[in-house]
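Enquirer: Build me a model:
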Amino acid sequence: MTLKRSMARFTAGLAGAALLSASLSAQARELSVSTVLSDAFPWGQAAEKWAELVEERSGGELTLRVYPNSQLVSGDQTREFSAMRSGLIDAAVGSTINWSPQVPELNLFSLPFFIPDEAAVDAVTGGEAGELVFEAIESRGVIPLAWGENGFRQVSNSRGPISQPDDLDGLKIRVVGSPLFQDTFSALGADPTQMSWTDAQPALTTGAVDGQENPLSVFDVARIDQVGQEHLTLWNYMNDPLIFAVNQQVWQSLDEEQQTMLRETAKEAGEWEIAMTREEESERLAAIQERGVTVTELSDEQYQAFVDATQSVYEKWAPRIGEEVVNAAQTAIDAR
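Expert: Residues are numbered from 1 along each chain as shown. A predicted model of the protein is given here:
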């Protein structure tokens with residue numbers, strides 16, 4: 001009798017442990033996070049940092065699994081926002097450029113020569129314009145949580161130095177899938193060629209395109225100089241902030257404590273990545289120059305020539321972005 005009772009208790013104990021384990025497993029949840037670049041780049045590192053902080057703060061109750069290289073959208077980075085909005089992707093650390101086809105207000109950051117320096121970037125993202133941009137994203141079914149930074153985009157090519165608009169005449173420049181980029185480089189006399197990052201490096205290698213534009217971190221880590229890009233011009237013609245965001249239905253399924261934790265960790269990861277990206281800029285430039293790349297820095301007069309040459313692009317796109325957003329950004333830039 002005693003043996004039977006002991007066995008019954010043992011069996012009951014096992015059943016209880018199994019139920020507890022099942023309950024804990026049911027509580028644990030994994031969210032997919034899309035990024036365009038891997039953790040070899042600051043962009044990918046931002047997503048990994050977010051995942052690390054979430055797992056740490058939630059005690060493993062909530063985890064983020066990062067899928068780099070646009071895996072979740074078959075390499076087509078311009079589909080990322082739509083995939084997140086529809087629920088195919090739970091979350092993302094994405095580019096304002098790639099999401100701009102679905103959120104026109106994000107073209108604010110791609111207006112040529114509009115945001116001149118890091119202080120201006122911070123004034124825009126941290127002020128009324130940044131709030132308006134986040135409202136525009138949320139109105140389209142995605143919850144924005146925090147800002148990151150891909151950096152100012154510089155132009156490179158295989159033909160020769162670029163120091164004035166005429167130097168771009170006829171050059172085939174790889175650009176991302178945004179009509180604003182097409183208009184900007186067309187205004188400068190170049191031949192813009194739209195393609196994903198996956199296709200860009202082979203095209204540069206074969207000479208199908210003459211040049212490209214990207215932040216220094218991408219140029220450095222991807223060793224773009226090894227595919228014939230021997231000339232680099234620092235012109236800061238636009239900045240590409242990153243945005244940490246979550247699908248609206250996923251967000252609503254989280255309790256208040258989880259939402260707060262997800263937002264706070266996104267902000268922390270974003271601040272960490274922005275500081276790292278900016279601190280490494282000078283080292284990256286030195287490394288690029290050491291590899292034999294000719295670097296051209298523009299004088300104030302040369303910079304103004306590019307501003308003047310793209311004024312028509314600003315006039316065309318500012319109304320499409322929205323006067324309220326553009327004016328708020330201009331006010332913030334002027335007051336920085």
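Enquirer: Hmm, residue 124 is touching residue 329, no?
Expert: Yes. Between residue 124 and residue 329 there is a contact under C-beta atoms under 8 Å: 4.8 Å. Where you see a C-beta, it was placed from the backbone N, CA and C, and this is true even at glycine.
Enquirer: shared neighbours of the two, which are they?
Expert: 108, 115 (C-beta atoms under 8 Å, 6 or more residues apart in numbering).
Enquirer: Extract the CA atoms of stretch 31-38 and return them as PDB.
Expert: Extracted in PDB, the C-alpha atoms of stretch 31-38 (Å, rounded to 0.1, in the frame of the first residue of the first chain):
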ATOM      1  CA  LEU A  31       9.400  37.400 -32.500                       C
ATOM      2  CA  SER A  32      11.100  37.500 -35.900                       C
ATOM      3  CA  VAL A  33      13.200  40.600 -36.600                       C
ATOM      4  CA  SER A  34      14.200  41.600 -40.100                       C
ATOM      5  CA  THR A  35      17.300  43.500 -41.100                       C
ATOM      6  CA  VAL A  36      18.900  44.200 -44.500                       C
ATOM      7  CA  LEU A  37      22.500  43.900 -43.200                       C
ATOM      8  CA  SER A  38      24.200  41.300 -41.000                       C
END
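Enquirer: In space, not sequence, find me the middle residue of this protein.
Expert: Per C-alpha atoms, centre = their mean, the C-alpha nearest to the average position across the chain is that of residue 95, at 2.9 Å.
Enquirer: Wait, that residue touches residue 239, no?
Expert: No. Using C-beta under 8 Å, residue 95 is not in contact with residue 239; the gap is 10.9 Å.
Enquirer: how about residue 95, what does it touch?
Expert: Residues in contact with residue 95 (C-beta under 8 Å, 6+ apart) are 36, 43, 77, 150, 240, 242, 243.
Enquirer: ah, wrong one, I meant residue 91
Expert: Counted by C-beta under 8 Å, 6+ apart, residue 91 has contacts 31, 32, 33, 34, 64, 84, 244, 245, 246, 247, 250.
Enquirer: Can you convert those residues into a markdown table and add a column each for secondary structure?
Expert: Listed next are the contacts of residue 91 as a markdown table, based on DSSP: H, G, I helix; E, B strand; the rest coil:
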| residue | secondary structure |
| --- | --- |
| 31 | strand |
| 32 | strand |
| 33 | strand |
| 34 | strand |
| 64 | strand |
| 84 | helix |
| 244 | strand |
| 245 | strand |
| 246 | strand |
| 247 | strand |
| 250 | helix |
